[in-house]
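Peer 1: Here's my sequence, what's the structure:
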Amino acid sequence: MGRRCPRRRILAAACLGAVLLLLCVAPRALRPAFESRPLGSGWLSGRRRSPLQMLHDLDQGPRSPLAEAHRQRRDLLRRACSRHARRQRLLRPEDLRHVLVDDAHGLLYCYVPKVACTNWKRVLLALSGRAHGDPRAIPAHEAHAPGRLPSLADFGPAEINQRLRTYLAFLFVREPFERLASAYRNKFARPYSEAFQRRYGTRIIRRLRPGAQPEALARGHDVRFAEFLAYLLDPRTRRGEPFNEHWERAHALCHPCRLRYDVVGKFETLAEDAAFVLGLVGAPGLHFPAPPRPRAAAAARDYAARLFQDISPFYQRRLFDLYKMDFLLFNYSVPAYLRLH
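Peer 2: Prediction:
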């Protein structure tokens, strides 16, 4: 009897994985019909059209330049997935924890750190009624507090399938190396969290800096960019645990070749893309917090270029290979400052 139980658990786990795979890869057209039980959202009663229905309507008639740009992004992502992501593992429930759910408005948002996710969480809190007033007034720690917004991982397979088929799913991405440089600056160069430095900085220094000073080993406060990159490229890093979400690849957080995304927003066009999503939601009184100004965006590009200028072509190539899928899936060009040949 004792020998059979492990076999049953293995079989049950395999069945759950297969169910999740079927849920995530099932094709979902931009369909206006709701096919399962009500979730209590206002748009389900027919009083107003859901965001997915609004997008469906836009696709049926003459498109604005912005709507056409988003249609092209969807098509490009679909083609890139079919070309570059043919072999993929089964999704597990925890793979869906970055996909936040707004049942009241029929939204699924996959958040990618360092791509305006704090402001998107603020907006979702305001939309869902969990916070009131101007989203900009919501403190960052409140926006990131665990449990403030439900994720797809909180639901069972049938409820996940229901939402995947009928909600508008969107994500926002960023040029991968600019995002990586931003993560380094925020977490190591100009950190706001000593605990984060102690957790990751001390680990990086202990592994990669021979003869490190006791203070650096204790605090992890002075990690160099080259050490940070070496840590990412070290096979031991991902053997020990998954990448931290701040430098994990966007495709590994959001699984865009398994989950069907209706809107692919970009950090580089944040203002227009955020307005497009909120227009589909039908929230005219809600405005996305001000995106970075052009000067700040240029400064971020320059910062990434300065960081990479001291990295050898060999390591630049290895790092590009690590993040290559994000470049391919989201149509980003190789940065001009890289020396890959």
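
Peer 1: who's in contact with Y111?
Peer 2: Neighbour list for Y111: 98, 100, 117, 120-121, 171, 253 [criterion: Cβ atoms under 8 Å, 6 or more residues apart in numbering]. Yep, even glycine has a C-beta here, placed from its N, CA and C like the rest.

Peer 1: all strands of this structure, in order?
Peer 2: Ranges of strands in the chain, per DSSP state E, are 99-102, 107-110, 168-173, 263-266.

Peer 1: one step back: for the contacts of Y111, which one is nearest Y323?
Peer 2: Closest approach between the contacts of Y111 and Y323, by Cβ to Cβ: L253, at 12.6 Å.

Peer 1: Tell me which of the contacts of Y111 fall in helices.
Peer 2: 117, 120-121, 253 (DSSP state H).

Peer 1: Highest neighbour count among the residues you listed?
Peer 2: Neighbour tally across the ones in helices among the contacts of Y111 (other Cβ atoms under 10 Å): the maximum, 27 neighbours, falls on W120.

Peer 1: returning to that earlier point: could you dump the ones in helices among the contacts of Y111 to a markdown table with distance to T202?
Peer 2: As requested, those are exported to a markdown table (distance: Cβ to Cβ, whole Å):
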| residue | distance to T202 |
| --- | --- |
| C117 | 26 |
| W120 | 31 |
| K121 | 29 |
| L253 | 25 |
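
Peer 1: What separation do you get for V223 and R198?
Peer 2: Going from V223 to R198 by Cβ to Cβ, to the nearest Å gives 11 Å.

Peer 1: Those two: who's more crowded?
Peer 2: V223 (24 against 14).

Peer 1: Provide a list of residues in contact with E245.
Peer 2: Contacts of E245 (Cβ under 8 Å, 6+ apart): 98, 113, 253.

Peer 1: and the gap between the second one and R203?
Peer 2: To R203, P113 is 19 Å away according to Cβ to Cβ.

Peer 1: And these two? Which one has more around it.
Peer 2: P113 (21 against 15).

Peer 1: Where does pLDDT dip in the stretch 201-341 of the chain?
Peer 2: Within the stretch 201-341 of the chain, no stretch has pLDDT under 70.

Peer 1: which residues of the stretch 201-341 of the chain fall in helices?
Peer 2: 202-208, 214-219, 225-233, 235-240, 250-254, 270-281, 294-308, 313-322, 324-329 (DSSP state H, counting those that start in this stretch).

Peer 1: Could you report the distance from H246 to H144?
Peer 2: Taking Cβ to Cβ, one finds H246 at 12 Å from H144.

Peer 1: got the contact list for L125?
Peer 2: 131, 135, 138, 142-143, 148-149.

Peer 1: cutoff 10 Å now
Peer 2: Counting by Cβ atoms under 10 Å, 6 or more residues apart in numbering, L125 touches 102, 131-132, 135, 138, 142-143, 145, 148-149.

Peer 1: what's the burial count for L58?
Peer 2: L58, neighbours per other Cβ under 10 Å, totals 20.
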